[in-house]
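**Student:** Just the structure for this:
(3 chains)
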Amino acid sequence: MSIRKNGFWRGLVLGTACAAFATLGLAEAALAKDTVRVRIAEYSTNTGDFFIEMADRFNASQEDIEVVIEHLPWPEMQQQLITDISAGTAPDISHMATRWMAGFAKDGALAPIEGLMSEEFTDSFVPTFLDLQKLDGHTWGLPIAASARGLFYNKALFERAGVEGPPATWGDALAAAKKVSALGDDIYGIGMQGTGLDTEGYWFYSLWTHGGDIFNADGKSGFASPEAVAATQTYIDLIEAGVTQPGVLGSNREDLQNLFSAGKLGMVLSGPWLNTQLADEAPDLAYGISQIPTETAAATYGVTDTISILAGSEVKESAMKFLEYMFNDENRLAFGKLEGFVPVLKSMSKEPFFTDNPKMSVFLEMSPVAKFAPLVPHWEEMAEALKSSLAAAYGGDSAPADALKGAADKMNSLLNE
Amino acid sequence: MTSKARKSLICWGALSPIVVVILFPYATMLSTALKHKDEIFTFEQTWWPREFYLGNFADLLFERGFGQAIFNSLYISVGATLLSSAVAIPAAYALSRLRMPGKGAFRNYLLITQMISPIVLIIGLFRMFAYFGMINDPHALIIAHSAFYMAFAVWMLQSYFDTIPKDLEEAAWLDGASRTRAFISVFLPLCLPGVAVTALFTFVNSWNEYAMSLTMLRDASSQTAPVKIAFLTGTLYETEWNIIMAATLMATVPVAIIFASIQNYLVRGLSLGGVK
Amino acid sequence: MTASTTTLVPPSPRGLRLSKAIPGALLLILPSLLLSAMVIGYPIFDVLRMSVADVNRFGRVLGFAGFDNFLAAFTDPIFLQSAWQTLIWTFCVVGGTVLISVPIAIILNEEFYGRTVARTIILLPWAVSLAMTALVWRFVVNGDFGTLNTTLSALGLPFDNFPWLADASTAFGIEILVGILVSMPFTVTIIMGGLTAIPDTLYEASRMDGARGLQGFRHITLPLLRPFLQIAVVLNVIYVFNSFPIIWIMTNGGPANRTDILITYVYKQAFGFGKLGTAAAGSVVMFAMLLAFSVLYLYMTRSREVQQ
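**Tutor:** Predicted structure coming up:
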């Protein structure tokens, strides 16, 4: 009896042990999954959730890779990435501004990915945007977001001021801004950015449409070229005519968007994300979007953001699998709809969401004349020097040619570092 | 009018400019926090919300996990207060009561640790805690905060301890109490107000600290209130002022309550000690 | 108080005959020493090392650089400009703080109706982190949507749409005011502690001698407050000199670097431009400036005391 009983217990123990081992074995298989840490910067409050849901779907769709999303706001992104890389705690994949990419790649933080990308995947991108991620013969990331910039104008204010349609040239813009400004003390003709993120971008609109460029033909800084001086003078004329918002040097990009959203601003140069904000905060505002006014040439500022695989990652191939998933048609369309960016995939260029909506298609139409910030290692510092020079010129502290020469000298010396 | 009433009028009158300047941002927070998002940037600005909207607070608590952030902040601040008191009280006691060489050097050392901003030390701090695998660990922050705020605590406590007459302890020894026992049963109760005030200083500094918390706590669920506020609102293209203001108000409340309730204690504690 | 000039902090009265147990004393000090040496020591070593090294943007040391990083900082006109602005910033904020804190503390030390409420209100700016305070103030002084201009125009003043942060001098002025506001609670608390330590009998005696009001303040209050003021000044100088969020959030150092101070300069070098070496050198210079100030100030205030 006791034997039998013992046998029963022994069997039970044995069975349990087997089951336990089996479970452990399974757990081990689960542990063998590659974990891919992905860091995303937030364009809006929905960005984080969007990528978390995407990762959930990806994780459920296969057995080998577990993607974990970390998301944080843009202003904190650079510092955290630098501290993480310096301590060896960086994620496998990270989102970044394309302008940081050159410096990060130069200091060895990024993995070249051309070898990980299938030909078909490589071919799915609009070449302009993918080319922007290349430097020294390597591809350092994928263009996760792209935007162009245009002129937003308030239709109601234009009508009240008797301005017919958006201005085609900077001369027209000044005339239109004067009429709109005359409507009242709280109404300003055109927004002018003087501080904060992308202040230099606001100036590039004018630089490029005056035929200038960031580099001269000799490879040196174009910040102080005659075209650049003329471009700056155009903005100073607007400021001195009193047709911009007061306090240009204290106005950042967001301040201008808020003024436009409140119906206080006749025109502002901005990107497609402003559509999303306006739909949310000022659904009744009647506005149109047109090309950036020209002087000698048509141009717009094309900006991309990059998503890269980091050099320290031990799961680069799995990371690329997730990037392929992230860049499939379905996910890209959903992302475009969420954040209002211009498509970077060839297949998306004919998607009705981008082509049939005039507030999106205008940015697509400008793509051929888009110009981009250069990929040089010290770009952030060059842009900062430019911002300071612009503030001195806009504020009337020094003549535009003198102020710009300071920025150009700084850029030239940084190019030699 | 009694003379105290007249004096009160004069005192409040003299304080009124600074009171207005202090309360002005709070009024702004309240006004903005009670507005719906689409009412923040309108053509005509008003103080009074069109309708009183409590959704921002609800959003913060239920949708965005701000309650968790407040809890994390409390955990870290209380932890830092305890740890820093635990190391500062013995040190201050030694400085105040015991004979030892290098007291001045030790005090100078403490002052020097205060001279470098945590922002400058961020990379080194992060590397060190990453080496110990303590990223995302609230205890890393408790240790870091204690290390930075301890100097001030030692300092205040020492000058407080100096004001407590030695006769009482000596009397206890004569009665046969051991040094430790005399410290616990005679000395500590006497210096409680000073300890409490010092603890408050540490608590508030830890509660408000941003740069170290931002760097060390990466996980959304482990963030402290000041970091959470920045994370909730720092998207690329717009700032959600209604949410920021509601969050700032909420983060103020616990500290304000502590200030109000510890009020008399605060002055009494300082008055005996202060910093000599 | 001793006249020793070797210590930065006034030492406590000595001559205690309570114990000669030096090992015990060291044991009590050891935990605090270890904690700060470990947590603050390594990062300081890291900064010192990077300041004389050729480092990449991720802090990897590529070689020895001698004084190149210091040279890079000192030849940058923006560094020198920031250093000058740091002096103005620190002087104005600390000076302003002490000037308003003394009368506030004296008032709060009086008996009057609602004193607890008044004390709580005065402490309020301390209840919010600097970053949040700065953010809220940026909104308050916004030209078109800020509550400051809304209120001023409602009072009939011509500040409709006035752009407070657009001009370097008004922007810096506002930042200094915010700096004063947030430094005030700490300072008031310290001074209040000093005031309550002054026995009333001293005033009564001087009143009998015919001194009143201001005279009492000059001859009794101020001298007795001196050690408290001295500490308030040293600590405030250290904290304000290193204070980052107010300027960073309100103006980011602009327009044209005219509100940049050393700490914002260092931060931009480190995390914006990837020049950790220059940033580390800048940090070392900042530390040297503070150290020099503390030694000098405490030496000066102490020698005056000795003369008395």
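
**Student:** for the stretch 1-150 of chain C, which spans come out with low pLDDT?
**Tutor:** For the stretch 1-150 of chain C, the stretches flagged by pLDDT under 70 are C:1-22.

**Student:** wait, A:Val344 sits on A:Asp131?
**Tutor:** No - using Cβ atoms under 8 Å, A:Val344 is not in contact with A:Asp131; the gap is 11.4 Å. Bear in mind the C-beta positions are built from the backbone N, C-alpha and C, glycine included.

**Student:** Mind checking which of the two has more residues around it?
**Tutor:** For A:Val344 versus A:Asp131, neighbours defined as other Cβ atoms under 10 Å in any protein chain shown are more numerous around A:Val344 (24 against 12).

**Student:** Can you report phi and psi for C:Ala53?
**Tutor:** Main-chain torsions, C:Ala53, degrees, to the nearest 10: phi -120, psi 160.

**Student:** quick one: it from chain B, how far?
**Tutor:** In this structure, C:Ala53 lies at 13 Å from chain B, with Cβ to the nearest Cβ, to the nearest Å as the measure.

**Student:** ok, now which ones touch the closest residue to that residue other than its chain neighbours?
**Tutor:** Spatial nearest neighbour of C:Ala53, excluding adjacent residues (Cβ to Cβ, 6 or more residues apart in numbering or on different chains): C:Val61 at 4.6 Å. Taking Cβ atoms under 8 Å, 6 or more residues apart in numbering or on different chains as the criterion, C:Val61 is in contact with C:49-50, C:53-55.

**Student:** how does it look with 10 Å?
**Tutor:** Under the criterion of Cβ atoms under 10 Å, 6 or more residues apart in numbering or on different chains, the contact list for C:Val61 reads C:49-50, C:52-55, C:276-277.

**Student:** With B:Gly124 instead?
**Tutor:** Contact analysis of B:Gly124 by Cβ under 10 Å, 6+ apart lists A:83, A:86-87, C:39-50, C:59, C:280.

**Student:** ok, and of those, which contact chain B?
**Tutor:** When Cβ under 10 Å from any Cβ of the partner chain is taken as the criterion, the members of the contacts of B:Gly124 that contact chain B are A:83, A:86-87, C:39-50, C:59, C:280.

**Student:** So which residues of chain B form helices?
**Tutor:** If you assign secondary structure with DSSP state H, the helices in chain B sit at B:3-33, B:55-58, B:66-97, B:103-113, B:118-131, B:138-162, B:167-174, B:179-182, B:188-208, B:211-216, B:225-233, B:241-272.

**Student:** got these as CSV, with distance to A:Ser118 columns?
**Tutor:** Output for the helices of chain B, formatted as CSV (distance: least, Cβ to Cβ, whole Å):
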stretch, distance to A:Ser118
helix B:3-33, 51
helix B:55-58, 47
helix B:66-97, 42
helix B:103-113, 55
helix B:118-131, 35
helix B:138-162, 42
helix B:167-174, 80
helix B:179-182, 73
helix B:188-208, 51
helix B:211-216, 38
helix B:225-233, 36
helix B:241-272, 43
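
**Student:** before we move on, the earlier item: find residues that contact each of A:Val344 and A:Asp131.
**Tutor:** Shared contacts of A:Val344 and A:Asp131, counting by Cβ under 10 Å, 6+ apart, come down to A:125, A:143.

**Student:** what's next to stretch B:56-66, contact-wise?
**Tutor:** With Cβ under 10 Å, 6+ apart as the test, stretch B:56-66 has contacts from A:45, B:32-37, B:55, B:67-72, B:220-221, B:223, B:225, B:228-229, B:231-232, B:240-247, B:249-251.

**Student:** contacting residues for residue 240?
**Tutor:** You didn't pick a chain, so chain A it is. By Cβ under 10 Å, 6+ apart, the residues touching A:Glu240 are A:233, A:394, A:396.

**Student:** if you could check chain B rather than the one you did, that'd help
**Tutor:** Residues touching B:Glu240, when contacts are defined by Cβ under 10 Å, 6+ apart, comprise A:44-45, B:37, B:40, B:56, B:59, B:232-234, B:246-247.

**Student:** tally of neighbours for the residue of the stretch 51-200 of chain B found nearest chain A?
**Tutor:** Per Cβ to the nearest Cβ, the residue of the stretch 51-200 of chain B with the smallest distance to chain A is B:Ala130, at 3.8 Å. For B:Ala130, the number of neighbouring residues by other Cβ under 10 Å comes to 18.

**Student:** Also B:Phe259?
**Tutor:** Other residues close to B:Phe259 by other Cβ under 10 Å number 23.

**Student:** In contact with it: list those residues for me.
**Tutor:** Under the criterion of Cβ under 10 Å, 6+ apart, the contact partners of B:Phe259 comprise B:200, B:204, B:252, B:266, C:116, C:119-124, C:126-127, C:185.

**Student:** Distance-wise, check B:Leu34 relative to chain C.
**Tutor:** Separation of B:Leu34 from chain C (Cβ to the nearest Cβ): 13 Å.

**Student:** thinking that residue is in contact with B:Glu51, fair?
**Tutor:** Yes - in this structure B:Leu34 lies within contact range of B:Glu51 using Cβ atoms under 10 Å: 8.8 Å.

**Student:** Counting neighbours, go ahead and name the busier of those two.
**Tutor:** In this view B:Leu34 and B:Glu51 are compared by other Cβ under 10 Å, and B:Leu34 has more residues nearby, 22 against 9.

**Student:** Now the more buried one: closest residue in space, sequence neighbours ignored.
**Tutor:** The shortest distance from B:Leu34 to any residue other than its chain neighbours is 4.7 Å, reached at B:Pro49 (Cβ to Cβ, 6+ apart).

**Student:** And the pLDDT for that neighbour?
**Tutor:** The score at B:Pro49 is 88. That number is its pLDDT.

**Student:** Also B:Val154?
**Tutor:** Per the predicted model, pLDDT is 92 at B:Val154.

**Student:** in chain A, which ranges drop under the pLDDT threshold?
**Tutor:** Judged against pLDDT under 70, the low-scoring parts of chain A cover residues A:1-31.
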